[in-house]
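J.: What follows is a predicted structure for the sequence shown.
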Amino acid sequence: MTLMDDIAAVDVATLETVDLAGLQRVDIDQVIAYVHDVGTAKLPEYMDLYRRYLRQRWDVYDLDFTGDHEDWAAMPADAKNTFLQIASGFHHGERQVEVELGPLFLGIPENYKVFLSSHLEDEARHTVFFDRFYREVVGLPGDSIMEVLDGSYQWISETFVGPFGLLSYLTDQLRRDPYDKHLLMQYATTYMLWIEGVLALAVMKITLGYARDQRVLPAYYAGFTATCRDEARHVQGGMRYIRDLLDEDPSLAADLFETLKTVLIMSSTSSRYVLYEPLGWSEQQVRSLLMEQLQKKMAMIGVDMPPDIAAMVGKIDPVLAGG
Ligand SMILES: [Fe+2]
Ligand SMILES: [Fe+2]
């Protein structure tokens, strides 16, 4: 089957229930829009998200990367390079969030704990998805998950020492004091709002849009679109948590804003550039995409974007990765 030959808009019920093979015929833009379809008035309950996980869980070993391997060999060198820079952020991002969810379990509400167990399993599966992609499509050698991660590290951009470094720091702080509401807000803002809700969705739109338009990498398309549908649950759960924290204590908005400012300051400088043009995006378009995604998350949690934060997004240097 050729990728995207029969792509068509589907209704939300189909989007929510379609299997891995069916996701190959769903437009990635529709899945990204679906993240916000829940509306701003009502975010799903954690147990509803958990039930959705049980229905949507997919088997990463069902994918067949044979066609992707052939497509990869024929892709232009500059497109491959950009693709690798973006995908490597994900390869390492998925792995990092998988191991750094641990300390969050202690201080969150009981229902969120149940849902978070599924979120963690998703991230482990996404790590395996990229492990397979790098072995079977790109051709990296390695006997273990870590050896393949070491192999893709050469393409990592500075995004990793920015938001992911902050997440690593906050994880360590949370490990020492897992019930501190300020830390919990800072952690959720860094991880669920920025890394998953802004960076990851933006990157998905860029790489999956390329695969869709060029009609290449069918297994990558199906698996990563399924990953995007998983992210919809993670982001909705995270935005629910941020909103609940704010309802409980509105002064925690200060932690939300300070964390966003920290992330944006780190994102405004880089010495190693990712060139997006080979995948069809200008830097300004990437910046607009990040701004749009941030605005949608702020609407989900019911908070107006402060003008100083909006101005900072305009200065961002679009280096991307996600989890
Ligand atoms: Fe995620
Ligand atoms: Fe993920």
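T.: Sure, I can see it. Ligands and ions are numbered 1, 2, ... in the order given.
J.: Which residues of the stretch 201-323 of the chain lie near ligand 1?
T.: Proximity of the stretch 201-323 of the chain to ligand 1 is assessed by CB under 5 Å from the ion, with 231, 234 identified as the residues in range. Using the backbone N, CA and C atoms, a C-beta is placed for each residue, glycine as well.
J.: Quick check, the residue in the stretch 201-323 of the chain closest to ligand 1?
T.: The stretch 201-323 of the chain approaches ligand 1 most closely through His234 (3.9 Å), counting by CB to the ion.
J.: For this structure, name the helix or strand with the lowest mean pLDDT.
T.: For the chain, scoring each helix and strand by mean pLDDT, DSSP states H and E identifies helix 28-35 as the least confident one, at a mean of 81.
J.: ok, which stretches of the stretch 1-150 of the chain are helices?
T.: Read by DSSP state H, counting those that start in this stretch, the stretch 1-150 of the chain holds these helices, from start to end of the chain: 12-17, 20-23, 28-35, 46-56, 66-74, 77-100, 104-107, 110-133, 145-152.
J.: Now mean neighbour count and distance to Leu170 too, for the ones you listed, in TSV please.
T.: Conversion of those to TSV gives the following (neighbours: other CB atoms under 10 Å; distance: least, CB to CB, whole Å):
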stretch	mean neighbour count	distance to Leu170
helix 12-17	13	32
helix 20-23	17	33
helix 28-35	19	23
helix 46-56	17	21
helix 66-74	15	35
helix 77-100	21	9
helix 104-107	17	10
helix 110-133	20	16
helix 145-152	17	22
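J.: want to throw the ones you listed into CSV with distance to Ser268?
T.: As requested, the helices of the stretch 1-150 of the chain are exported to CSV (distance: least, CB to CB, whole Å):
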stretch, distance to Ser268
helix 12-17, 35
helix 20-23, 35
helix 28-35, 24
helix 46-56, 33
helix 66-74, 33
helix 77-100, 17
helix 104-107, 27
helix 110-133, 27
helix 145-152, 26
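J.: Quick one: closest of the ones you listed to Asp304.
T.: Using CB to CB as the criterion, the shortest distance between Asp304 and those is 20.0 Å, found for helix 28-35.
J.: roughly how far is the closest one from the heart of the chain?
T.: Between the centre of helix 28-35 and the centre of its chain there are 13 Å (CA atoms, centre = their mean, to the nearest Å).
J.: Same check on stretch 197-205?
T.: Centroid separation for stretch 197-205 versus its chain: 5 Å, with CA atoms, centre = their mean.
J.: List the neighbours of that stretch that are in contact with it.
T.: Taking contacts as CB atoms under 8 Å, 6 or more residues apart in numbering, the residues outside stretch 197-205 that touch it are 28-29, 32, 35, 86, 89-90, 93, 159, 163, 224, 227-228, 231, 235, 238-239, 286, 289-290, 293-294, 296-297, 320-323.
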